[in-house]
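> take a look and give me a structure for this.
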Amino acid sequence: MRIRGLYPSLVLLTACVAAQQPSREQMATQVTIYRDHWGTPHVFGKTDASTIFGFAYAQAEDNFSQMEDDFVFATGRGAEIYGPDLTQEDLLNRTLEIEDHAKGDYNAIDPHMRSLCDAFAAGVNFYLARHPDVHPRLLTKIEPWYPLAFIRYNYYQNGFARDPKLGEEPSQTAALRTYQTENGSNGWVVSPSHSASGHAMLFIDPHLPFYGPGQVYEGHLHSDEGWDFTGYARFGFPFPYIGHNANLGWMSTDNFPDMVDGYVEHFDDSVHPLSYRYGQEHKTAIAKTVTIKVKNGDSMVTREFQTLWTVHGPILTKQNGMPIAARLPMYESHGWMREWYDMTKARNLKELISAITPHAMLFGNIMSAGTGGHIFYIYNAAIPIRDPKFDWSKAVDGSDPATEWKGYYPVSALPQLTDPKTGWMQNCNTSPFALTTEGNPDPTSYPQYMVREGVYPGSEAQNPRGRASVRILSTHGKFTFEEWARVVFDTRVSTADELLPKWLPLVKTGASAGDSPTLRQAIALLQSWDHVSRVDAIPMTIFTRWHTAMRNRTETTENLTAALQEVLSDLTKTFRDWKVPYGELNRLARRQAALRISALRRR
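Coordinates of the predicted model:
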């Protein structure tokens with residue numbers, strides 16, 4: 001097979017496959033992987049399963065080490081490779097019983113989805129069989145339920161189990177904190193009225209880590225059974241879950257809905273220590289002993305822990321010495337893989353809404369555009385229906401049956417917007433009530449606890465990326481595709497637009513004739529700056545450091561002047577000169593290489 005613009009990088013052959021692997025051998029004859037100029041795999045298979053087989057092979061070929069890490073973390077075995085630092089992570093995994101639930105998911109999903117899991121595992125195992133020079137550190141055989149465990153790991157262990165409402169957050173150890181950055185994502189859509197071509201346009205801009213479980217992987221899948229989708233997955237996901245087909249595309253930025261609750265459990269029976277109060281009676285918690293292997297130098301030690309589950313869920317934290325059970329949304333559900341699959345095959349907005357109706361894709365600001373001309377947004381989330389008489393901003397009394405959830409809000413009850421009058425929408429991990437400049441969803445139409453953006457301490461209804469997006473989308477006319485591709489790299493600094501007109505007059509007033517020439521020179525540079533971040537922009541360096549130094553300080557003349565002087569002193573100490581181009585400060589480093597860049601994310 002030949003495709004214009006692509007060159008065949010790998011055709012899966014069968015000559016070296018042992019006779020005891022007929023299913024893998026047969027599947028390998030049904031799929032071809034092409035690589036484009038960027039190395040992105042374009043996988044063409046005769047069936048959905050053979051296409052997934054090839055996509056799994058491509059993932060393993062590109063980064064088996066990361067895939068193995070993801071599956072090791074997802075199965076609660078990180079300490080077997082990384083030692084004691086990951087013991088608590090493994091314990092959290094075992095407490096959530098991710099392996100047991102993933103195996104249950106595999107047995108419960110429909111046969112077609114199960115065949116895709118089988119094909120994915122077979123593809124990775126086929127790669128290992130063909131590459132004896134690749135030495136897994138722990139997982140010598142990939143099981144078909146591993147991807148389902150990794151999905152749960154991402155949703156629950158790395159997400160819901162760390163909800164601030166639960167109190168003392170389960171500790172995330174240094175080995176995983178290494179991968180954490182200030183992540184965020186951007187999504188834009190414009191309607192045909194805002195497009196020079198007369199077609200709706202979509203911008204998908206994920207801001208996810210370069211390393212670790214959050215690393216994403218781009219690919220194109222084409223099955224002769226009618227499946228054709230381009231997008232990104234994570235290493236270990238069976239297929240892309242954000243992207244586009246020939247008719248419809250969507251983005252999903254993380255949102256911050258109120259989906260988790262903590263329940264204070266009362267273990268008040270000294271004779272029966274597992275007995276906890278519930279209404280007018282007592283229930284018995286389920287206690288299990290879990291065994292965790294921990295690498296200790298050249299040896300492996302075994303540690304035992306006890307986990308507890310109540311009717312509300314696993315005991316994860318404590319508040320004021322009281323155990324807190326975590327109620328996690330849709331924990332018994334098995335359907336996210338089917339929902340993702342149905343989304344990838346949706347040909348229009350109606351089919352997309354139908355695909356997300358089961359609530360199995362548990363969260364995300366979904367924003368879509370299609371060839372039908374519609375643009376659409378929904379604050380997607382499986383949000384529990386709760387009794388409004390309780391304060392749901394904190395853990396509630398687990399002994400009161402009235403605190404039980406009463407189902408979930410249907411998709412039709414979530415904040416959403418279709419074809420706004422403005423002709424555009426944006427969401428950059430921001431409020432669903434600030435999508436555009438006119439006709440946003442009305443916050444008074446929804447329960448107060450539903451949306452936390454701009455409500456929960458530390459969150460913003462509209463962050464700097466969102467404000468920059470509004471500036472760009474509201475001031476531009478009809479976009480050509482070339483303009484659309486260009487403006488997404490806009491590096492104008494919105495926070496500088498907002499703060500410097502207030503800050504500079506104050507520090508100029510506070511700067512006396514006796515102050516150092518350095519301070520006056522820095523003020524002059526900031527005054528003359530056009531607020532655009534560039535590799536050679538010295539004012540960008542000064543402003544970025546100054547902005548950081550002013551966190552938790554009031555904007556007084558004294559504080560602003562002192563913070564700016566501290567920044568100049570620190571730069572001089574670190575770089576031997578305060579005049580540091582931003583490209584020397586903000587560097588993207590991958591292994592032994594480094595690249596100077598003007599912006600990692602829109603400000």
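> okay, residue 450 and residue 257: tell me how far apart.
Going from residue 450 to residue 257 by CB to CB, to the nearest Å gives 6 Å. (Glycine included, C-beta is placed from N, CA and C.)
> of the two, who's got more company?
Shown here are residue 450 and residue 257; by other CB atoms under 10 Å, residue 257 has more neighbours (25 against 22).
> in three-state terms, label the residue lying closest to residue 416 once chain neighbours are set aside for me.
Setting aside the residues directly before and after it, residue 416 is nearest to residue 378 in space (CB to CB, 6 or more residues apart in numbering), at 4.0 Å. Under DSSP: H, G, I helix; E, B strand; the rest coil, the three-state class of residue 378 is strand.
> and residue 378, what are its bridge partners?
residue 366, residue 416 (DSSP bridges).
> correct me if wrong: it contacts residue 359.
No: judged on CB atoms under 8 Å, residue 378 makes no contact with residue 359 at a distance of 11.3 Å.
> if we can go back for a sec, any residues in contact with both of residue 450 and residue 257?
379, 381, 383 (CB atoms under 8 Å, 6 or more residues apart in numbering).
> below-threshold pLDDT in the chain: ranges please.
Where the chain drops to pLDDT under 70, the residues are 1-22, 168-183, 512-515, 590-603.
> ok so, going back, so if I had to pick from residue 378 and residue 359, which one is more boxed in?
residue 378 (25 against 22).
> just the strands from the stretch 301-450 of the chain, written as ranges.
313-319, 322-327, 363-370, 375-381, 396-397, 416-418, 424-427 (DSSP state E, counting those that start in this stretch).
> looking at those, which is closest to residue 527?
The minimum distance between residue 527 and the strands of the stretch 301-450 of the chain falls on strand 424-427, with 30.5 Å, by CB to CB.
> starting at the chain centroid, how far to that closest one?
Strand 424-427 sits 19 Å away from the centroid of its parent chain (CA atoms, centre = their mean, to the nearest Å).
> then stretch 462-470?
Relative to the chain's own centre, stretch 462-470 is displaced by 19 Å; criterion: CA atoms, centre = their mean.
> kindly report the same for stretch 316-332.
Distance of stretch 316-332 from its chain centroid, counting by CA atoms, centre = their mean, is 22 Å.
> longest helix in the protein, please.
helix 48-74 (DSSP state H).
> quick check: buried residues in that one?
48-64, 66-74 (16 or more other CB atoms under 10 Å).
> what does the helix or strand just after it contact?
Next helix or strand after helix 48-74 toward the C-terminus (DSSP states H and E): helix 79-82. Helix 79-82 is contacted from outside by 69, 72, 85-87, 89-90, 137-138, 175, 292-295, 300, using CB under 8 Å, 6+ apart.
> show the buried residues in these.
Buried, going by 16+ other CB under 10 Å: 69, 72, 85-87, 89-90, 175, 292, 294-295, out of these.
> now, these that are in helices?
Short answer: the buried ones among the contacts of helix 79-82 in helices (DSSP H) are 69, 72, 87, 89-90, 175.
> wait, what's in contact with residue 390?
Counting by CB under 8 Å, 6+ apart, residue 390 touches 396, 402-403.
> no wait, residue 62
With contact set as CB under 8 Å, 6+ apart, residue 62 has these partners: 39, 41, 217.
> can you do 7 Å?
By CB atoms under 7 Å, 6 or more residues apart in numbering, the contact list for residue 62 is empty.
> how far away is it from residue 24?
Counting by CB to CB, the gap from residue 62 to residue 24 is 19 Å.
> now residue 489
43 Å.
> look at these two and report which has more neighbours.
Neighbours were counted for residue 489 and for residue 24 using other CB under 10 Å; residue 24 has more, 21 against 9.
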